[in-house]
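A.B. asks: Here's my sequence, what's the structure:
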Amino acid sequence: MNTQDKICARCARVIEPRKKWLSQWEQIKYCSEQCRKRRELRSYETQILELLRTRGAGKTICPSELLNEAERQNKALMEEVRISARRLVSLGAIVITQKGKIVDPSKAKGPIRLKLKH
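C.D. replies: Here you go, the predicted model:
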């Protein structure tokens, strides 16, 4: 029974083990039925990294900066940007901050900032 932390293949959140999953833990790829059904996802990872590199070392960006004004009103698109950010955190490329402090991307709610990892 291996219950090491796993990251959801879609949303990049930590998968919380459920009792019914423990016997098949190695096959679990998604944190929920919703993520399993919605496998397709736009990737903003390259754009995030490019914008952060353009900004310079130690600077942060808001995820909304990747979208135009109309797209910022679309909650689903904003969540896709946040998902891309969580994936970059799991790869060790960036960190997510709130009020200047690094936060757990799986639990961060509200406004966040993205920053290149040193």
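A.B. asks: contacts, neighbours, all on C-alpha from now
C.D. replies: OK.
A.B. asks: What segments of this structure are helices?
C.D. replies: Counting by DSSP state H, the chain has helices at residues 33-37, 45-55, 69-72, 75-90.
A.B. asks: So which residue is smack in the middle of this protein?
C.D. replies: The residue lying closest to the centre of the chain (Cα atoms, centre = their mean) is Arg86, at 1.9 Å.
A.B. asks: Make sure it is actually in contact with Ala12.
C.D. replies: Yes: assessed by Cα atoms under 8 Å, Arg86 is found in contact with Ala12 at 5.5 Å.
A.B. asks: Can you work out which residues contact both of the two?
C.D. replies: Ser106 (Cα atoms under 8 Å, 6 or more residues apart in numbering).
A.B. asks: and the helix-or-strand element of the chain with minimal mean pLDDT, what does it pack onto?
C.D. replies: Ranking every helix and strand in the chain by mean pLDDT, DSSP states H and E puts helix 33-37 at the bottom, with a mean of 79. Contact partners of helix 33-37 among helices and strands, from 3 or more Cα pairs under 8 Å, 6 or more residues apart in numbering; DSSP states H and E: none.
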